[in-house]
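quick check, what structure comes out for this input:
(2 chains)
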Number of protein chains: 2
Amino acid sequence: MELLDQIRASIGDKYVVTGQDAQAWTRDWTDVYHWQPLAVTRPANTEEVQAIARACSAQNIAMVPVGGNTGLTGATKAQDAIMISLDRMNAIREIKPNAQVAIVESGAVLDSIHQAADAHDLVFPLIFGARGSAMIGGNLSTNAGGSNVLRYGNTRDLCLGLEVVLADGRVMNLMSELRKDNTGLNLKHMFIGAEGTLGIITAAVLRLYRKPLAYVTAMVGLRELEDALPLLIRLQNETGGGVEAFEFMPRRYIERHIERISGADEPFEGAHEVNILVEVASTRASDLQPDESGTPKLQAILETALMDMISNDKAQDAVIAQNEAQRRSMWARREAAAEITVGFPGAVDTDVAVPLEAVPSFLKQITARVQKIDPEGYEFYLSHLGDGNLHYTFYPSDRSGRLKEPITEAIEDVVLGLQGSFSAEHGIGLSKRNSMARRKDPVALEMMQAIKTALDPKNLMNPGKVYPEPDTR
Amino acid sequence: MELLDQIRASIGDKYVVTGQDAQAWTRDWTDVYHWQPLAVTRPANTEEVQAIARACSAQNIAMVPVGGNTGLTGATKAQDAIMISLDRMNAIREIKPNAQVAIVESGAVLDSIHQAADAHDLVFPLIFGARGSAMIGGNLSTNAGGSNVLRYGNTRDLCLGLEVVLADGRVMNLMSELRKDNTGLNLKHMFIGAEGTLGIITAAVLRLYRKPLAYVTAMVGLRELEDALPLLIRLQNETGGGVEAFEFMPRRYIERHIERISGADEPFEGAHEVNILVEVASTRASDLQPDESGTPKLQAILETALMDMISNDKAQDAVIAQNEAQRRSMWARREAAAEITVGFPGAVDTDVAVPLEAVPSFLKQITARVQKIDPEGYEFYLSHLGDGNLHYTFYPSDRSGRLKEPITEAIEDVVLGLQGSFSAEHGIGLSKRNSMARRKDPVALEMMQAIKTALDPKNLMNPGKVYPEPDTR
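All right, here's what the predicted structure looks like:
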C-alpha cells in the first residue's frame, strides 16, 4: 500500500506495525470494542508525527492517536484507520523544580511522571488506577479526572502548555510555562478533552506541586451518606483545604472487591453501608509536630473529627492507616474499581456527576427508577464523592442489550434533573454519543461541530467519536 | 434608522441610547480610544440580547459588548457599531453556600459579587483596582488576572459555567455548576478570554472560596529583587500555599504614588529599592491561636520569615499591618497603579509575563535595551511578582509616537527570549494586535481565525479586535 510505504520511508520500516504484530492495538482495555487498523505507526518525534499526518491527509485516510489505550469509552477504535501510537515519545524532557513544571512528551506514562516529580520532592497530582500504563497524551485528550481532582483539579487544570500536530501536519506550539498568558483564544483548552478529534497532542508543560510532608489516610464507616458532606467540609476548614481524596464505596463494593481480588480484606471488623476513604495532606512542617497527646497535628485533626462522629453516632467505625503499607492497602481497594466493574457486555456503565449535595438524592432516585425497569437487575456504584462524581453501573437481568438504552436514559433523566452531567471524567468516545445527541445543549453541539469542521475540514482526526452522528440527532 | 427602531421595539425606547446620552460610551477608561457608536443598547435579559443580536445580524451591523468599560486595550471601541451594554443585567441570582458557587448575570459589578459572597463568609477571589466598576462579563471576556491569581488562578479558573448569546442570536447554555463535566469540546474556555469576538456572555456560574479567618499583610523592603523568590517559596511552604498576594513596587513607584495621590505616604522610614507587599491568609482556626509569645500563629510565620531576612541582611525593613485600616492602606498604594500609570498618549504600556525566576533578568535586559533606543526616556513598572507578571511602561522622550513600535518590539524581544508572554492579563483588544501578528505562533493564529470564522462567519462580533489584521501579518 502506497500510504504505508510513504510512512515507512518517514519513520522507519519497523515502526509501521501491521497484521499479528498489531494485535495489541485491535482492542482497548475494556475489551468491548474491537477493530482492525490499517497499521499502527510509532513515531519517534514531532516531525515524524507531522510526516504521518501529511501522508494520511493527502490520501484522506483517518488517523486515531493512541496512548496507553486504557480509556473506557472506545475512543481509540480505529477501523480502517492509521493509528498513531505515542508510546515511543515518552521522554520527560525536563523537571524545573523552582518553577514547579514538567516538560514531557505525550507518550510519557503517568507513573513515570510521578516518579520524575518525586525525585524533586514534587508531585504531579493526577492519580487513578491505570496510572501504570495510561499516557499523559491520553489523559490530556480525555481531560482525565481521578481521585485528587478535589484538591488539584482535572488534567486541564494541571496543564500549562501544549504542542499539537493538526490533521494536515501543521504543528502548533503552545508550550507556555506561564501562569498568566492571555494571547487570544485559549486553544490549549480546546484540544484538552477533544479526545483526539482535533489533532494529536505531542508534548505538554505540566504543573507540579510541592510534595506533602505527610499524608493521613483513613477508612470510616458511616451510618448515612448524608453525614459525609459535613465531614468533608469540616476537614477542609480545619486543614485549610488539605483534603486530597474523599471516596465513597458502598457495602456492595467491599463485598465484590473481596470476592474478585485475591488477598482483599474487610476494611472494618463489622460491615457498614457507607465506607469512606479519606486522605488529608500537608506541606507544613508544623503539621507534623505532636500535640499534647503525642499525635502529629495533621493526624490529630482527622482523628478528632472521626472520634466526634463516632461519639455522635454518625460513624460506626474508623481506621487510620498507621504506615505506608496500610495506606497502600486502603488505596488498592479503591483502585481495583475498574478491574471489578468493566468487561461485562450488556452492562450499562456510566460516569456521571451531580452537585455535591445531590449525591444521596441521585442514588435514591435512580434505584427507584431502574427497579421499575428491571427489578431483577443488579446495580453497582462507587463515587469520587468529593467531586459529586459517580461511577454507576447497572447489570440488566436481560443480557440481550434490549434494556441498555432505557436504563441509560433513566440515569440521564435523574442526572439532568439534578443539574448534573452525563459524562464527568471518562469522556464521550463512542459509548456516549447518543447521550450527547439527547442531552447536550443543541447550540453547543452546533458550535462543537463548527469548530471540528474548521480545524479538521476533512474529518480525518478520530472520526466518529465525541460528536453525535447526524442520524442520531 | 430601521435597525434602531427594531431594537427599540424589542427592548424599549429608553434603553436605546444615542447622541449626547451615549457620551459615556464613546471612550473607555484609558481615554486613549474614542469612537461614535450607532447606539448603545441596554438589554434587561438574555432574550433581549438575543433580539438585538438577531436584528444586527440580519442587517450585518457590528456588535460590541461592553461591561464596566474599564479595559486597558481598547477592546470596547465601537465605531459605527451597536454597543450592547450589560449594565442592566446585574443580578446576582443566587449564592449557594454549601456548593460554594454564585450564579450571576454578566453585568454584575465585581464588588457587588464580593459583597454577596461575603454575606455567606465566602470570597470571590478576583481582585483588582477597578473592582468598583468592572463587570464580571468583561472580566470573563478578558480572563482578567489581578493580585490573587497566585492562589486562586485567573478568571477562567473561577468560572464553572457560562451562558452566551452568539452573533446570530442563538443562545448557548453551559451553566454547569460541576467540578467534573467532560461533555465534548470545552466551549466555556473558548469564550472566556475571547474579548467579545465570539459572542456575548450573559450569565455565569462562579466558584466561591471559604473566607479566610485571618489575613496577615506586610510591606518588606529588600536589598535585591533576587531575594524575593526564596521568601515566597518559604511562605508557601510554611503556610501550606496560603500566600494570597506577592506584589513588587520599585522605589520609583513609591515616589510617584506619593507625588500623585493626595494623602499617600512612605511605607517605611527609609527608602528602599525593592518594596514587596505580601499577604498570607488562612481558613484554619488553629492559625489564629497565639504561640508562646502571644502572636497568632499565621502572623508568627510571616514575622519570623521577615525577621530572619532582616537578620541575614536580605531585608532592610518590614512592617506588618496591625489592623484592617493599615492593611487597606497598604493595598490602596498598590491599587493606585492604573491611576498613576495610564493616560499618557505615546507611552508604551505593556502587560507581560515571564517565568518567576526570570523577572530580575527581564528588568536588567530591558533597561539596557530601552536606554540604547531612548536614553532620555523614563521607565516605570510594577509587578504581580508571584505570577511573573509585569506592567512595564516606557514614556519616550519623543512624544511623536515614533518610538512606540521600536520600544514595544524591544520589550517583546526580551520577553520572548525568556519564554514569556507579551500579554499576561489585560488581553489584546486593539492595542496588541501587532504583537499578536509578530509574536504568536503562526499556526495558532490560523486556528484562532478559523474558529472565529466558524462561530461568527459574518465577523459581526467586536470586529477588528484580538486577531491581527491581514495587512499586519
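
state the pLDDT value of the closest residue to A:Ile92 other than its chain neighbours.
Using C-beta to C-beta, 6 or more residues apart in numbering or on different chains and skipping the chain neighbours, the partner closest in space to A:Ile92 is A:Ala116 (4.6 Å). Yep, even glycine has a C-beta here, placed from its N, CA and C like the rest. Among the per-residue scores, A:Ala116 shows a pLDDT of 98.

and A:Ala116, how far from A:Val101?
12 Å (C-beta to C-beta, to the nearest Å).

who has more neighbours, the two?
Between A:Ala116 and A:Val101, counting by other C-beta atoms under 10 Å in any protein chain shown, A:Val101 is the more crowded of the two (22 against 18).

re the thing from before, what's the overlap in contacts for A:Ala116 and A:Val101?
A:Ile95 (C-beta atoms under 8 Å, 6 or more residues apart in numbering or on different chains).

before we move on, back to that, I'd say the residue nearest to A:Ile92 and A:Ala102 touch.
Yes - look at A:Ala116 against A:Ala102 with C-beta atoms under 8 Å: they come within range, at 6.6 Å.

find residues that contact each of the two.
Joint contacts of A:Ala116 and A:Ala102 (C-beta under 8 Å, 6+ apart) are A:92, A:95.

okay, and for chain A, where does confidence drop off?
Across chain A, the ranges flagged by pLDDT under 70 are A:1, A:343, A:470-473.

isn't A:Asn275 right up against A:Ala218?
No - contact criterion C-beta under 8 Å: A:Asn275 and A:Ala218 do not qualify, at 10.8 Å.

more neighbours, those two?
A count of neighbours by other C-beta under 10 Å puts A:Asn275 above the other of A:Asn275 and A:Ala218, at 25 against 22.

contact partners for that one?
A:219-222, A:248-251, A:253-254, A:267-268.

switch to 6 Å and redo it
Counting by C-beta atoms under 6 Å, 6 or more residues apart in numbering or on different chains, A:Asn275 makes contact with A:221, A:249, A:254, A:267.

which secondary structure element contains the third one?
Looking back up the chat, that one is A:Ile254. helix A:251-260 (DSSP states H and E).

off-centre distance for that helix?
22 Å (C-alpha atoms, centre = their mean, to the nearest Å).

next helix or strand past that helix?
Taking DSSP H and E, what comes next after helix A:251-260 is strand A:274-282.

returning to what we had before: buried set for the helix holding A:Ile254?
Buried residues in helix A:251-260, defined by neighbour count with 16 or more other C-beta atoms under 10 Å in any protein chain shown: A:253-254, A:256-257.

cool, stretch A:204-211 as well?
A:204-210.

sec struct for A:Ile113, please.
helix (DSSP: H, G, I helix; E, B strand; the rest coil).

contact partners for the residue nearest to it when sequence neighbours are not counted?
Among residues not flanking A:Ile113 along the chain, A:Phe124 sits closest, at 4.9 Å (C-beta to C-beta, 6+ apart). Counting by C-beta under 6 Å, 6+ apart, A:Phe124 makes contact with A:113-114, A:117, A:206, A:208.

which residues does A:Met461 form beta bridges with?
Per DSSP bridges, the residues bridged to A:Met461 are A:Met63.

burial measure for A:Asp80, as a count.
10.

so how far is chain B from it?
24 Å (C-beta to the nearest C-beta, to the nearest Å).

so that residue sits in a helix?
No - counting by three-state DSSP, A:Asp80 falls outside a helix, being coil.

what residues are up against it?
A:Leu38.

next, it: phi, psi?
Main-chain torsions, A:Asp80, degrees, to the nearest 10: phi 60, psi 30.

show me the helices in the stretch 351-473 of chain A, by range?
Counting by DSSP state H, counting those that start in this stretch, one finds helices in the stretch 351-473 of chain A at the ranges A:359-373, A:404-417, A:433-439, A:442-455.

typo on my end, it should be the stretch 151-300 of chain A
A:187-191, A:228-239, A:251-260, A:297-311.

helices and strands around the shortest one, which ones?
Same thing as helix A:187-191. strand A:159-166 (3 or more C-beta pairs under 6 Å, 6 or more residues apart in numbering or on different chains; DSSP states H and E).

quick revisit: need the winner for burial among the helices of the stretch 151-300 of chain A.
helix A:187-191 (a mean of 25; mean count of other C-beta atoms under 10 Å in any protein chain shown).

mind saving the C-alpha coords of it as PDB?
C-alpha atoms of helix A:187-191 as PDB (Å, rounded to 0.1, in the frame of the first residue of the first chain):
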ATOM      1  CA  LEU A 187      -6.600  27.000  22.100                       C
ATOM      2  CA  LYS A 188      -5.000  24.800  24.700                       C
ATOM      3  CA  HIS A 189      -8.300  24.200  26.400                       C
ATOM      4  CA  MET A 190      -9.900  23.300  23.000                       C
ATOM      5  CA  PHE A 191      -7.500  20.400  22.400                       C
END
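
and for it, what's in contact with it?
With C-beta under 6 Å, 6+ apart, helix A:187-191 has contacts from A:162, A:164, A:174, A:198-199, B:186, B:189, B:444, B:447.

next one: it to chain centre, how far?
With C-alpha atoms, centre = their mean, you get 18 Å for helix A:187-191.

hmm, back to that, render the CA-only coordinates of the helix holding A:Ile254 in CSV, please.
Output of helix A:251-260 as CSV, limited to C-alpha atoms (Å, rounded to 0.1, in the frame of the first residue of the first chain):
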residue,chain,number,x,y,z
ARG,A,251,-21.1,-2.2,51.2
ARG,A,252,-21.7,-4.0,47.9
TYR,A,253,-18.4,-2.7,46.6
ILE,A,254,-16.5,-4.0,49.6
GLU,A,255,-18.1,-7.4,49.1
ARG,A,256,-17.4,-7.6,45.4
HIS,A,257,-13.8,-6.5,46.0
ILE,A,258,-13.2,-9.3,48.4
GLU,A,259,-14.9,-11.8,46.1
ARG,A,260,-12.9,-10.8,43.0
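
what's the angle from that helix to strand A:274-282?
90 degrees (axes from the mean of the first three to the mean of the last three C-alpha atoms, to 10 degrees).

could you find the closest non-adjacent residue to A:Glu446?
B:Arg170 (7.6 Å).

got it, and A:Val415?
A:Val352 (4.8 Å).
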